[in-house]
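Trainee: Sharing a model prediction with you, sequence too.
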Amino acid sequence: MNAKKIAILIGSLRTGSFNRKVAKAVIALAPETLALEIVEIGQLQLYNQDLDVDPPKEWKEFREKIREFDGILFFTPEYNRSFTAVLKNALDIGSRPPAKSVWSGKPGGIVSVSPGRLGGFGANHHLRQVLFGVNIHAMIQPEAYISDAAGLFNENEQLIDEHARTLLTKFINSFAEWVER
């Protein structure tokens, strides 16, 4: 059986991003039935419908790349009770034009990561609304809100928090089942 190809989109561009660290930890924890790959989104020009006539090269490359994947995982921090603009921009670019959306029908999952106590709850649920709008079938359970992110890793960026490891392992194994369904 071939592994399902899963794109990982990270909604934080920050050097030392907790979301990137958690995404890399999930890649290491993933079952062999999934082949996970981080797809960069920081280089994408802001979406402008006028550019759909002759889309920028980066948009074309991004759309073609996402088409190759069987599913999508989103890792997002919470900014002002929502997910980030860079992630929304990627979703907008991939959804246009509507008849050629690269998202439609793909299974998806959300991990929100925050140094705060709520674990990006607001971002997670706001992103869920947008995924519904672009026809990504977001996994409902288990939910993944990762809080207190600053203490999860050692100086070598290795996940040292056992509670987080258990939660992320359960999440990625459930996501593998979700993708199969």
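Mentor: Now that the structure is in, tell me what you want to look at.

Trainee: Contact partners for the nearest residue in space to L46 that is not next to it in sequence?
Mentor: Closest residue to L46 apart from its sequence neighbours, by Cβ to Cβ, 6 or more residues apart in numbering: N89 at 5.9 Å. For every residue, glycine as well, the C-beta is placed using N, CA and C. Applying Cβ atoms under 8 Å, 6 or more residues apart in numbering to N89 gives the contacts 41, 44, 46-47.

Trainee: Can I get those residues in a markdown table including secondary structure?
Mentor: Formatted as a markdown table, the contacts of N89 follow (DSSP: H, G, I helix; E, B strand; the rest coil):
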| residue | secondary structure |
| --- | --- |
| I41 | coil |
| L44 | coil |
| L46 | coil |
| Y47 | coil |
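
Trainee: Using ChimeraX, define a selection of the buried residues within those.
Mentor: Selection of buried members from the contacts of N89 for ChimeraX, criterion 16 or more other Cβ atoms under 10 Å:
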select :41,44,47
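
Trainee: To which secondary structure element is the residue nearest to L46 assigned?
Mentor: Taking DSSP states H and E as the definition, N89 sits inside helix 85-95.

Trainee: Just the residues contacting the helix or strand following that helix, thanks.
Mentor: Under the assignment DSSP H and E, the closest C-terminal helix or strand after helix 85-95 is strand 107-113. With contact meaning Cβ under 8 Å, 6+ apart, strand 107-113 is reached by 18-19, 22-23, 26, 70-78, 83, 119-121, 123-124, 127-128, 131, 136-139, 143-146, 149, 168, 171, 175, 178-179, 181.

Trainee: which of those residues count as buried?
Mentor: By 16+ other Cβ under 10 Å, those give 18-19, 22-23, 26, 70-78, 83, 119-121, 123-124, 127-128, 131, 136-139, 143-146, 149, 168, 171, 175, 178-179 as buried.
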